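Q: would you be able to build a 3D model of this:
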Amino acid sequence: QVQLVESGGGLVQAGGSLRLSCAASGRTANIYRMGWFRQAPGKEREFVAANIWSSSTTWYADSVKGRFTISKDNAKNTVYLHMNSLKLEDTALYCCAAARGKSAQYDYWGQGTQVTVSS
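A: Have a look, this model is predicted:
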């Protein structure tokens, strides 16, 4: 099992920045890929960004490209989401997830951290 705990959410004005953290514990050697997802009230959960745990490969949703950056500290078993130029539509519950394999499936999920962007 892998446990994921997110932190770093909060209230920020539009145009501001936040850094989210996701600390992994447990069988972290099983992690192949880490991802960030978000879900706004009344909307489906959507993919935000992901990276391969053992390489520099990353992916981003078009809506966040150029504004968000995913990074990791393997020594700390932590993945980060650096969010800049935040927009009102970025308001959501942000969750991190871990995948054991190369399929699209994520096997472990955190509880999430709320990000609220105000005007």
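Q: below-threshold pLDDT in the chain: ranges please.
A: The model of the chain has no residue with pLDDT under 70.
Q: residue contacts, the spatially most central residue of it?
A: The centroid of the chain falls nearest to residue 36 when counting by CA atoms, centre = their mean (2.6 Å). Residues in contact with residue 36 (CB atoms under 8 Å, 6 or more residues apart in numbering) are 20, 22, 48-50, 70, 79, 81, 94-97. From N, CA and C alone the C-beta is placed, and that goes for glycine too.
Q: show me those residues that map onto strands.
A: 20, 22, 48-50, 70, 79, 81, 94-97 (DSSP state E).
Q: the nearest residue to residue 76 once chain neighbours are set aside: neighbouring residues, count only.
A: Excluding its sequence neighbours, the residue lying closest to residue 76 (CB to CB, 6 or more residues apart in numbering) is residue 23, at 7.3 Å. Here the number of neighbours of residue 23 (other CB atoms under 10 Å) works out to 17.
Q: thought residue 23 was touching residue 73?
A: No. Residue 23 is not in contact with residue 73 according to CB atoms under 8 Å; the separation is 9.7 Å.
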